[in-house]
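Q: quick one, fold the following:
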Amino acid sequence: MQDSKAGIRYAKSLFNLAQDRNEVEAVSADMALIDKTIHENPELRSMLKSPIIKSDKKASIMRAIFTAHISTTTAAFLELIIKKRREMFMDSIARQFVILHLENNGIEEAVLTTAFKVDDSFRQRILDLVIKHSKNDKVVLEERIDPSIIGGFVLRFGDNQIDTSVERDIELLRREFEKNLYVKEY
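A: Numbering: from 1, shown residues only. Got it, this is the predicted structure:
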């Protein structure tokens, strides 16, 4: 909980700064890159959260990874976050910034998880469903493939989740079978 509160607070501050400097699009692209990089590299995430690694070492690692790919505003923000010893929130800050940018542009973010790649007609039905139940008319759909759900789909957008996966159905059946109504409990 504290992680998301700190992430939201710092993301809002950076968003306001980017608006003041008319750099929202550039900083948003930077934060999306940072978010993606941290989530795809568990070692980087562990390094940022580690209390053992010194801040100056973390700063040099982040500079080596990102300086050539991000704006000066974002680079200065990264330096400040590390200087203030808040680097453990960097993944949350980046994620919250991307969400703020989408909300500011009236775009709903949705994540669709399926066991296999979906076709265009199914994708369009999912987009229509999200638009119908959302306050926004535009939707960015992120598609993920997870064979462990076996079939069906899991759709997350806003505060909503629709889970029609076979994995969920099996879990519900397992719970039902654990309640053996035919064996008397003592």
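
Q: the longest helix along the chain: which residues count as buried?
A: For the chain, the helix that runs over the most residues, judged by DSSP state H, is helix 2-20. Neighbour counts over helix 2-20 (16 or more other CB atoms under 10 Å) mark 6-8, 10-11, 14-15, 18 as buried. To be clear about C-beta, it is placed using only N, CA and C from the backbone, and glycine gets the same treatment.

Q: list the contacts of that helix.
A: Residues from elsewhere that reach helix 2-20, judged by CB atoms under 8 Å, 6 or more residues apart in numbering: 24, 26-28, 31, 73-74, 77, 81, 86, 88-89, 91-97, 99-101, 104.

Q: so how far is that helix off the chain centroid?
A: Centroid separation for helix 2-20 versus its chain: 15 Å, with CA atoms, centre = their mean, to the nearest Å.

Q: what's the answer for stretch 76-96, then?
A: Taking CA atoms, centre = their mean, one finds stretch 76-96 lying 16 Å from the centre of the chain it belongs to.

Q: in it, which residues are buried?
A: For stretch 76-96, using 16+ other CB under 10 Å, the buried residues are 77-78, 81-82, 86-96.

Q: look up how far residue 28 lies from residue 79.
A: The gap separating residue 79 from residue 28 is 19 Å, by CB to CB, to the nearest Å.

Q: nope, residue 132 is what I was after
A: Noted for residue 132: a distance of 27 Å to residue 28, by CB to CB.

Q: now the strands for the chain?
A: Under the criterion DSSP state E, strands of the chain are mapped to 107-114, 138-145, 153-157, 160-163.

Q: can you tell me the closest non-neighbouring residue to residue 44?
A: Ranked by CB to CB, 6 or more residues apart in numbering and with sequence neighbours excluded, the top spatial neighbour of residue 44 is residue 38, at 5.6 Å.

Q: quick one, what contacts the closest residue in space to residue 7 that isn't next to it in sequence?
A: Spatial nearest neighbour of residue 7, excluding adjacent residues (CB to CB, 6+ apart): residue 92 at 2.9 Å. Residue 92 is in contact with 3-4, 6-8, 11, counting by CB under 8 Å, 6+ apart.
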